[in-house]
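> Here you go, sequence then predicted model.
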Amino acid sequence: MSESKNSIYNLSRDYSKLFRLICDGHRIAAWADTFSMKDADGKPYRDICEIRRSGEYEIMISARGTGYGNVWPFQRDEGTEETVFSMACAGCNLEWIDPAPDAK
């Protein structure tokens, strides 16, 4: 588990635990890097987003109609659903709010 600077939340990069939670039907809040907006130092702005799974290989990481990293059925040949999901999370520098940081 990592804690971002100045964050009061328990943020995590444990994408395996996140995958288990969304497979159980939970919708999870997280932060992801934006793709188009950067600060004066060139660092991407972070955006609050939601992670949800609606079916096999159907996972959305999004906020207000903007997708930050999604998993779609056409990606089946890229690996297991969890592997493809973990790559999407890493690609947008996702940190999620772990509601139970001490639970595995």
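Noted; the coordinates are in hand. Numbers count the residues shown, from 1 in each chain.
> Least confident secondary structure element in this structure?
Ranked by mean pLDDT, DSSP states H and E, the weakest helix or strand in the chain is strand 28-38, scoring a mean of 86.
> Pairing partners for it, with directions?
Paired strands of strand 28-38, with direction, are strand 44-55 (antiparallel), strand 95-97 (antiparallel) (DSSP bridges).
> Mind listing what's buried along the shortest one?
Along strand 95-97, these residues count as buried under the neighbour rule (16 or more other CB atoms under 10 Å): Glu95, Trp96. C-betas here are computed from N, CA, C, even on glycine.
> residues making contact with it?
With contact meaning CB atoms under 8 Å, 6 or more residues apart in numbering, strand 95-97 is reached by 2, 4, 9-13, 18, 28-31, 51.
> OK, contacts around the closest residue to Ser54 other than its chain neighbours?
Of all residues not flanking Ser54 in the chain, Met60 sits nearest, at 7.4 Å (CB to CB, 6 or more residues apart in numbering). Residues counted as contacts of Met60 (CB under 8 Å, 6+ apart) are Glu50, Ile51, Arg52, Arg53, Ser54, Gly67, Asn70.
> Closest one of these to Gly42?
Distance ranking of the contacts of Met60 against Gly42, using CB to CB, places Gly67 first at 22.8 Å.
> what residues are up against that closest one?
Applying CB under 8 Å, 6+ apart, the residues near Gly67 are Met60, Ile61.
> Now do the buried residues in the helix or strand harbouring it.
According to DSSP states H and E, Gly67 maps onto strand 66-71. The neighbour-count criterion (16+ other CB under 10 Å) identifies Tyr68, Gly69, Asn70, Val71 as the buried residues of strand 66-71.
> Would you tell me which one of these comes nearest to Asp77?
Taking these together and measuring to Asp77 by CB to CB, the closest member is Val71, at 12.7 Å.
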